[in-house]
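>>> No letters, just coordinates:
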């Protein structure tokens, strides 16, 4: 029996995911456009609780005010009918040619002003729809030539833009939080704020840094060969995991946006284990939406799209079950003990100890015996094999 | 004519670089050990100004106090004779088996205490030798199994350790600054603080964050497929480029530690241009040591070692010349103008403008005309070709 | 002074390169379509000698026979007016949705039959236009799911298709040779025949293997982290370098199609040195077209497109000059001698020697002294620095 | 219950794997040397059927003839006592400094002669011990500088060496087959014959090509970002999968040599499914040893070494069970049918059809209707999710 997704699982999908028409770099669309209203209904039927969108996913770029209003009304109606919520909204600042050199960081100042206005308008819409998180993916904020982009000036402008938008949100009392989504490259040769780390560092320079966190995407970090679960752990540690994008990727190559788990399955297992069981008391470490940002393969028709949407949730739930079994297994407890995992939570110095005390402690250095201390094994091979066993379903 | 390195160029080398005996993962040493005193003399003759070391490079692990004193004395004598300085010192917390699970973040608490003591001792030596920067490369702070390392606890311990050491340095009045050197992997499967970004973010959580910056290494960032010059620009922007490790790498693969420029030469050019000409007024953006952290290839004998050391400096100086020519070329000025590079330094809003003003500015949105604004090209192809021309030496 | 391209340099461009409208995975076209006739004229003015195309680049998919004839006539007229030739033609078997699962290797047999017919038609056109090489890039021959594609059956079908087409060409007396273009991934998750090596191996199984070679592309091999110049050397060694695609790439990531030299410049230098000076007597090792398969950046307008086209040729010619200087430099000769480079061309056994003789030669083993033989350095660091010097333009 | 390995599973281990003392690029050995006799006994107890070795793993380089004989005698005794066999032997031509520039392809001819002698001697030993496969891993056959290694001359020498050795084996009637093990890089910057494809292509140039195949290693191909199961499928298709090295890797980075399945688990599942169920009639596609070439992590002590050895076999057997369940599942059969997987085994032309017939078949082109034919989905998302389900253990 495979588990069935329910709204309390908090699964959400981008409208642009199930709605992707499968036009790619080397090929024409293989699927017709999807009506947002249909997307809402189908996702609700599949057990999702939320839907998210870029402004232009819902309201085509350049629509008249009248058309815009009509679209939003029918979308809201679908939400009402299904109970689906809009936990997150984001702005498309990459598709139209005007953004070809970026939005916050385009060399052309008039483009930057236009971008801010486009985002401001979408903040209003996000607030109106009850979104709690507003994501910024700066896909065009980057460069292919070193001299054409003054990176420090670009970071100044990035900061200026986010400071302004944060002030607006605060003044309006929108209750939105911002989440920056890093990516190392594609479509630009190199993108600014390429990893979770760079984004976290940048956030510390913002005026309203408390309301800004990150929205890491599995594939984006793995495109840089980074351990996604480790990046998430640091984001959690810094109190900045505001949202998350789940999908699959097979290492450094183009952005694959595979179904969650259809890439590095072991790291997906580590991730779910962290999100669900990694809190201080063993409970969830993250309570926001489990948001899927994937692309149904170009080989699939509409039916395949919905099968792939369901597959994302199913894999997450299966991994959650396996992770729970892993954490409940006495053999795992024993192995964690043997690997001294909990000992890392014990401070290196005691509460009352100073460095002066440490310097006086001959057992720490003069009498320590590093050679002998280097002999015992940490037992990680066994511990990791227990994880593999549980993942494969023989651990129970 | 190739340029000759001079002390005012501030070139420095790790003792472990020219001293590497070329023992690698799949082979025995091909060169005999190098006497540190000889290293000092040879580097001075080649035009370097500084030498750096891990404690164990200079004083073998486990030496008696007497031997240690003798070694340090003769090393100082060589420094005196040559005028070479020790701008940076670092601690080896990765070679001995005791550190196989890390130093700051080993699960075994006694190992962490030993590591702190080893570093404290080396801080004294660094201060004694006049070093201004103390580097931390946590090569063993990482994991291969997800459950064996509680990453958040590890970051707690990393912070605890650095806070303690920073307090010590401050109390002693050593005047040292700390520089964290990130690396994504190798020797551990995944290393904590894998990129410049992750390290910069982590630093913001430290008690003495002002005295802690980064020591990025060309190859380490390129192992994650990241644009090194971009990473350096962000580090500079955050005021945290405390030191730099120059070498070469060919993308995501094992840590090659090639001669500077013998990897991605165009990015090396961008880097030198940034360091030398990227300051606010066009002057140097970085005034610290140009430190080479490379490995002379295993195929080379002692003569080849010194040829490779010289090659690092020569390439840097050649790129510096080319970058100066690039910045002086009127055609480049014209191209930068056409690409609106300087316009990015103009704030998106005027000094007196608020978001309310921007919202009222119809020219920014309602009357903007994104389609027309998307037409003009940015001229980056031409600008980048000018860089290639200058690099190849036909730009003058 | 930068060198000017001339027809005898044999530079050619894909119509899809300068004609790319810059529609990418995350954005709309930023440039209008380019008339093939204009492309011919502009490329001729810039000094190119050839233009190449996919059938659908020239004649839109689904055109009527009448429209097709008209387009071909006006294209031929432009060729006549300019003297530009069509050295290579290829077929688009990846853009239309019908090819979403491949062409030669689609699971759907009717798609495979349609693909063969499309290619057969284009073979006629290629022959009519005097092309000498017919390229096969199987961008959709691949998979994302392991069970959905029987790779061995796929290779059977790939072979069946190429055997049939080769027989057709032979029977028609077209004088065309086939060239397979490998790529590891994108747009498919994994593409069949992912590298030059896999394609060379596959070719050996073909009925008409003598008329089939490879068309390696710089970026495609570098997406797999491979040394492009090494791959070309093996293709030359196996007598299979029938065509070549020049561009730039920055390691494993999405297919960047940068301007030639705007990626890994040192490897581009090695490549040009090999192509131009690597023949048995020091002359050219390859005498086919120098074909550019790049994409003008999406930030560029039409003027930038032509600037980028010119940049490809300029970089090639600059590297050719530098490589000639490198090969003429007495210091390089000396370094090559010291590195024993020519000694590798001396067979390991003499002409008259058998393994039995080698087994009797005590100097080869019993009296050899591997320790002493392991001491001398190969001097590669110095040799490589000479290459860097020459590339930077200070070697003369 | 986890499955228990048995000799009929044909699991074998390199002596250098369990015997690795964990000396790495950045650290000293953490484990004492392992007596080969103990290795034989422990592996037999764990259920392995074979052990393999490099000459120097068993008999230290430079041992006297007397010591050599003694070691071999005691090793044979251990084999006799346990029933363990030696299915494969290989030669160490990379560890000693004399091989720093390669063995078959060292620029220094005397090194090449020495290497051939070393290998010849080991061929005798391999034959004596009953080995059926002799592996060649040319870890030092490569380069870091483009001009220092004439790649085509190197391939000439590689061929010369293998031709000589193959002739020797044939003349001696040893019944050994050769298997080339490709690797893209590390320890050399770039290694010759970097992938399965390059090796397969090279083999076609050999005099005794029938007795030469490949020994692909999971991690080596994945270091180039290639799909390992795809590469194995091509090797099988070309009749050249003579041996296989199983381990784990996380994409392009240093050679990790993880436990089998502790890297890309989904691809490991695809691999086992191919090896075990991918034959023409659904049976095994490969009947040689399942050879593990991994490194027990440096954090492990001796006990951890044996735990890791057992983990390799356990994971293989678990995946074999899951793959059997996958292939037996009616839902999978249905999905394969929907995806038209078997249709790819139907030739594109009928037995009696010629290209002329195809050209006359209007249903193949003129009346085909590509737009309609492009609509149906291939159902790969569903099929792949069935694989994930089975792998996770809920498919039964």
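Received the coordinates, thanks. Everything numeric in this text was worked out from a predicted model, so none of it was measured. Numbering: from 1, shown residues only, chains lettered A, B, ... in the order given.

>>> for whichever strand or helix holds residue A:70, packing partners?
For residue A:70, the element it lies in under DSSP states H and E is helix A:65-82. Other elements packing on helix A:65-82 under the criterion 3 or more C-beta pairs under 8 Å, 6 or more residues apart in numbering or on different chains; DSSP states H and E are helix A:36-46, helix A:55-58. Placement of C-beta: from N, CA and C, glycine included.

>>> residue in chain A nearest to chain D?
residue A:393 (1.9 Å; C-beta to the nearest C-beta).

>>> Please identify the most buried of the helices and strands packed on helix A:65-82.
Among these, helix A:55-58 has the highest mean neighbour count (mean count of other C-beta atoms under 10 Å in any protein chain shown), at a mean of 22.

>>> what about that one, near chain B?
No - Helix A:55-58 does not reach chain B (C-beta under 8 Å from any C-beta of the partner chain); its nearest approach is 11.7 Å.

>>> Kindly report the same for stretch A:123-136.
No - Stretch A:123-136 stays clear of chain B (C-beta under 8 Å from any C-beta), getting no nearer than 10.3 Å.

>>> Can you point out the buried residues in stretch A:324-333?
A:325, A:326, A:327, A:329, A:332 (16 or more other C-beta atoms under 10 Å in any protein chain shown).

>>> First-to-last residue distance for it?
Distance between the two ends of stretch A:324-333: 13 Å, counting by C-alpha to C-alpha, to the nearest Å.

>>> for stretch A:101-110, same thing?
By C-alpha to C-alpha, one end of stretch A:101-110 lies 12 Å from the other end.

>>> what does that stretch contact?
Stretch A:101-110 is contacted by residues A:93-94, A:99, A:111-112, A:115-116, A:118-119, A:138, A:140-142, A:148-149, A:154-155, A:157-158, A:160-162, A:192, B:339-341, B:343-344, B:346, B:348, B:364, B:368, B:373, B:378, C:299 when judged by C-beta atoms under 8 Å, 6 or more residues apart in numbering or on different chains.

>>> Mind giving me the packing neighbours of the helix or strand residue A:372 falls within?
Element membership for residue A:372 (DSSP H and E) is helix A:370-373. Applying 3+ C-beta pairs under 8 Å, 6+ apart, one finds that helix A:370-373 contacts helix B:109-128.

>>> Was I right to think residue A:392 contacts residue D:323?
No - using C-beta atoms under 8 Å, residue A:392 is not in contact with residue D:323; the gap is 11.4 Å.

>>> re the thing from before, narrow the contacts of stretch A:101-110 to those that are buried.
A:93-94, A:99, A:111-112, A:115-116, A:118-119, A:138, A:140-142, A:148-149, A:154-155, A:157-158, A:160-162, A:192, B:339-341, B:343-344, B:348, B:364, B:368, B:373, B:378, C:299.

>>> From those residues, which land in strands?
Using DSSP state E, residue A:142 are the members of these that sit in strands.

>>> Counting only helices, which of the buried ones among the contacts of stretch A:101-110 make the cut?
A:111-112, A:115-116, A:118-119, A:154-155, A:157-158, A:160-162, B:373 (DSSP state H).

>>> Among the residues you listed, which pair sits farthest apart?
A:155 and B:373 (23.3 Å; C-beta to C-beta).

>>> Quick one: the buried residues of stretch A:324-333 as a markdown table, columns for secondary structure, pLDDT and distance to chain D too.
Converted to a markdown table, the buried residues of stretch A:324-333 look like this (DSSP: H, G, I helix; E, B strand; the rest coil; pLDDT from 0 to 100; distance: C-beta to the nearest C-beta, whole Å):
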| residue | secondary structure | pLDDT | distance to chain D |
| --- | --- | --- | --- |
| A:325 | helix | 97 | 10 |
| A:326 | helix | 97 | 12 |
| A:327 | helix | 97 | 16 |
| A:329 | coil | 97 | 13 |
| A:332 | helix | 97 | 14 |
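
>>> Adding distance to residue C:202, write those out as JSON lines.
Output for the buried residues of stretch A:324-333, formatted as JSON lines (distance: C-beta to C-beta, whole Å):
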{"residue": "A:325", "distance to residue C:202": "45"}
{"residue": "A:326", "distance to residue C:202": "43"}
{"residue": "A:327", "distance to residue C:202": "48"}
{"residue": "A:329", "distance to residue C:202": "47"}
{"residue": "A:332", "distance to residue C:202": "47"}
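
>>> any idea how far the closest residue to residue A:237 other than its chain neighbours is from residue D:53?
For residue A:237, ignoring the flanking residues on the chain, the nearest one in space by C-beta to C-beta, 6 or more residues apart in numbering or on different chains is residue B:152 at 4.5 Å. Computed as C-beta to C-beta, to the nearest Å, the residue B:152 to residue D:53 distance reads 43 Å.

>>> In three-state terms, how would the closest residue to residue A:228 other than its chain neighbours be classified?
Using C-beta to C-beta, 6+ apart and skipping residues adjacent in sequence, the residue nearest residue A:228 is residue A:221, 4.8 Å away. Following DSSP: H, G, I helix; E, B strand; the rest coil, residue A:221 is assigned to helix.

>>> List the residues that contact residue A:221.
Shown in contact with residue A:221 (C-beta under 8 Å, 6+ apart): A:182, A:195, A:196, A:227, A:228, A:231.

>>> again, only this time at 10 Å
A:182-184, A:194-197, A:227-232, A:249, A:267, B:194, B:224 (C-beta atoms under 10 Å, 6 or more residues apart in numbering or on different chains).

>>> Now, the residues you listed that are in helices?
Among the contacts of residue A:221, the ones falling in helices (DSSP H) are A:196, A:197, A:228, A:229, A:230, A:231, A:232, A:267.

>>> Which stretches in the stretch 201-350 of chain A count as helices?
Secondary structure of the stretch 201-350 of chain A (DSSP state H, counting those that start in this stretch): helices at A:218-222, A:228-237, A:265-277, A:302-328, A:330-338.

>>> Need the winner for burial among those helices.
Using mean count of other C-beta under 10 Å, helix A:218-222 ranks as the most buried of the helices of the stretch 201-350 of chain A, with a mean of 28.
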